[in-house]
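Peer 1: Kindly generate the corresponding structure for this input.
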Amino acid sequence: MSNPVELRYSKEHEWLSAVEDGVATVGITAYAADALGDVVYVQLPEVGDTVSAGETCGELESTKSVSDLYSPVTGEVTEVNAAVVEEPALVNSEPFAGGWLFKVRIDGELPGDLLDTDGYTAFTQG
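Peer 2: Here you go, the predicted model:
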């Protein structure tokens with residue numbers, strides 16, 4: 001699965017959508033979902049929580065392991081994807097669509113270390 005060009009990516013394998021009205025959507029990449037294996041449990045931050053760029057804000061449990069979820073930006077969580085909590089396999093089957101994790105109202109500027117599609121592809125292949 002290729003990485004959508006309109007997204008930005010963190011080196012922790014989260015993606016960030018374009019910012020609309022100060023809010024962006026966060027998920028994990030297909031690369032991360034594949035590395036995790038079958039996701040069976042998702043713990044997300046709660047609406048109203050403040051998340052910080054590069055800091056842990058939840059976790060994903062798969063049949064292989066438990067992995068931390070990191071926020072690619074700093075801000076306030078405005079929405080969580082209840083569908084992915086109910087059906088964690090969406091993270092594997094639709095990582096860039098129905099498997100999104102949460103939405104965040106961004107505080108300040110985007111971090112400078114977010115990668116574009118080419119940069120993320122090079123990072124995962126290097």
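Peer 1: any chance you could read off phi and psi for the residue nearest the centre of the chain?
Peer 2: What sits nearest the mean C-alpha location of the chain, by CA atoms, centre = their mean, is Gly27, with 2.5 Å. When read as degrees, to the nearest 10, the backbone of Gly27 gives phi -150, psi -180.
Peer 1: ok, now which ones touch it?
Peer 2: Residues in contact with Gly27 (CB atoms under 8 Å, 6 or more residues apart in numbering) are Glu14, Trp15, Val91, Pro95, Phe96, Gly99, Trp100, Leu101. Placement of C-beta: from N, CA and C, glycine included.
Peer 1: Select from those residues the one having the most neighbours.
Peer 2: Using other CB atoms under 10 Å as the neighbour test, the contacts of Gly27 are led by Trp15, with 29 neighbours.
Peer 1: helix, strand or coil for the closest residue in space to Asp49 that isn't next to it in sequence?
Peer 2: Nearest residue to Asp49, sequence neighbours excluded (CB to CB, 6 or more residues apart in numbering): Val77, at 4.7 Å. Recorded secondary structure, Val77: strand (DSSP: H, G, I helix; E, B strand; the rest coil).
Peer 1: From Glu86, how far out is Val77?
Peer 2: Val77 is 18 Å from Glu86, where distance means CB to CB, to the nearest Å.
Peer 1: Please enumerate the strands of this protein.
Peer 2: Shown for the chain, the strands assigned by DSSP state E span residues 8-9, 14-16, 23-28, 39-43, 50-51, 56-62, 66-70, 75-80, 102-106.
Peer 1: do you know which of the ones you listed lies nearest Leu115?
Peer 2: Nearest to Leu115 among those is strand 8-9; the distance by CB to CB comes to 4.5 Å.
Peer 1: for the closest one, packing partners?
Peer 2: Packing partners of strand 8-9 (3 or more CB pairs under 8 Å, 6 or more residues apart in numbering; DSSP states H and E): strand 14-16, helix 117-125.
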